[in-house]
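In: 3D, please:
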Amino acid sequence: MQETDDFRVLGYVALPIDQIKKIRYSRNDKFYDKIMILEGEIEKVGINYTINLSDWPSIFKSIKKYQLNVIVYCENPEIDGFTIGPIIKTTKTLVYIQYFDACGQLDENLHPLILKA
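Out: Okay, here's the model as predicted:
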């Protein structure tokens, strides 16, 4: 899904299908897309690259291919946090992200995240 705020594209969000309750794409949404195109925020509705949505490893591998940064939120209620940065390596069970802080400084250590099956 495309994430926007105040007519600015912030990025895209990948969610498991079982977490989606309803999808809406009404006349208002189509008009919003038209405004975004006319304002030069997006060239067309959608993204200019292909992300394989088969499973989490495929998603992260696709994102790494295009050298995009990610924000990964932890779903464990005991660990309230997120990791943000470029993907350095992916396996079938882990994704390694090089975390960067609020000042944009990259951490020397990679942060491995376990991919949910």
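In: in the chain, which strand is the longest?
Out: With DSSP state E setting the assignment, residue counts place strand 82-90 as the longest strand in the chain.
In: quick one: that one to chain centroid distance?
Out: Distance of strand 82-90 from its chain centroid, counting by C-alpha atoms, centre = their mean, to the nearest Å, is 11 Å.
In: pairing partners for it, with directions?
Out: strand 69-73 (antiparallel), strand 94-97 (antiparallel) (DSSP bridges).
In: buried residues, it. List them.
Out: 83, 84, 85, 86, 87, 90 (16 or more other C-beta atoms under 10 Å). All C-beta atoms are positioned from the backbone trio N, CA, C, and that covers glycine.
In: equivalent analysis for stretch 59-67, please.
Out: Residues of stretch 59-67 classed as buried under the neighbour-count rule (16+ other C-beta under 10 Å) are 59, 60, 61, 62, 63, 64.
In: give me every residue that touches the second one.
Out: Read that as residue 60. 70, 87, 90, 95, 115 (C-beta atoms under 8 Å, 6 or more residues apart in numbering).
In: surely the fourth one meets residue 111?
Out: So that's residue 95. No: Residue 95 is beyond contact range of residue 111, at 9.1 Å (criterion: C-beta atoms under 8 Å).
In: between the two, point out the one with more neighbours.
Out: residue 95 (25 against 15; other C-beta atoms under 10 Å).
In: what's across from the more buried one in the sheet?
Out: With DSSP bridges as the rule, residue 95 is bridged to residue 90, residue 113.
In: contacting residues around it?
Out: Neighbours of residue 95 in contact, by C-beta under 8 Å, 6+ apart: 56, 57, 60, 72, 87, 89, 112, 113, 115.
In: next: residue 96.
Out: 87, 88, 89, 90, 110, 111, 112, 113.
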